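J.: Return atomic coordinates for the entry below.
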Amino acid sequence: MEIRDAAEADFERILALNDAEVAQTSPMDRSRLVELDGLAALHWVAVDDAQVVAFLLAMREGLGYDSENYRWFATRYPRFLYVDRIVVDASHAGQGIGARLYRRLFDQARASGVAQIACEYNLDPPNPASQAFHARFGFAEVGRQPVAGGRKTVSLQLAEVVDRIH
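T.: Sure, this is the predicted structure:
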């Protein structure tokens, strides 16, 4: 399994992965992906047997990013790394790929002097797999908000970047 920076050649596969999990993430077309890639501090893919099987997009503070969840953190925390989305192909679920991406994310935050990582996951509709995954990495709820015109409610999560093994 290789984790590397995403390249434009990966975009079609990233869009397919996102579409497969759109109920837990949010819609993303190619122009939106190009925009997010340009904003991202980190945009990684996990590659297995020459195929992208997961991706992670994360942004730093201080952007004019139009995500209501990102803006929620931006108004409350001066310095953070925000996970916009992480998606693992369902056929590779349970293989530790998401954990590998997050361990690298925490290592990168630590190396950059970023003390907090922010994210959110759905409470309504519920996403218990994401809740359990994030709890393993020390995330705790710091707020909740309705999104998508009230069709979803998210738990806004924050984790302190500390030296520990996950």
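
J.: In the chain, what residue spans correspond to strands?
T.: Along the chain, the segments classed as strands by DSSP state E run 2-5, 42-48, 51-60, 81-88, 116-124, 140-147, 152-160.

J.: what's the angle between the helix ranked longest in the chain and strand 81-88?
T.: Criterion DSSP state H: the longest helix present in the chain is helix 97-111. Interaxial angle, helix 97-111 versus strand 81-88 (axes from the mean of the first three to the mean of the last three CA atoms, to 10 degrees): 160 degrees.

J.: what's helix 97-111 packed up against?
T.: Under the contact criterion of 3 or more CB pairs under 8 Å, 6 or more residues apart in numbering; DSSP states H and E, helix 97-111 touches strand 2-5, strand 42-48, strand 51-60, strand 81-88, strand 116-124, helix 128-136. No exception for glycine: its C-beta is placed from N, CA and C like everyone else's.

J.: buried residues in the last one?
T.: When you say that, I think you mean helix 128-136. Neighbour-count burial for helix 128-136 flags 130-131, 133-134 (criterion: 16 or more other CB atoms under 10 Å).

J.: Any idea how far it is from the middle of the chain?
T.: 13 Å (CA atoms, centre = their mean, to the nearest Å).

J.: Surely F11 is in contact with D29?
T.: No - using CB atoms under 8 Å, F11 is not in contact with D29; the gap is 10.4 Å.

J.: mind showing which ranges of the chain have poor pLDDT?
T.: Applying pLDDT under 70 to the chain picks out residues 163-166.

J.: quick one on the thing from earlier: determine which two of the buried residues of helix 128-136 are furthest apart.
T.: In terms of CB to CB, the buried residues of helix 128-136 reach their longest pairwise distance at Q131 and F133, which sit 7.3 Å apart.

J.: Phi first, then psi, for the residue of the chain most remote from its centre.
T.: Taking CA atoms, centre = their mean, the residue of the chain most remote from its mean C-alpha position is D49, at 23.1 Å. The phi/psi pair for D49 (degrees, to the nearest 10) reads phi 50, psi 50.
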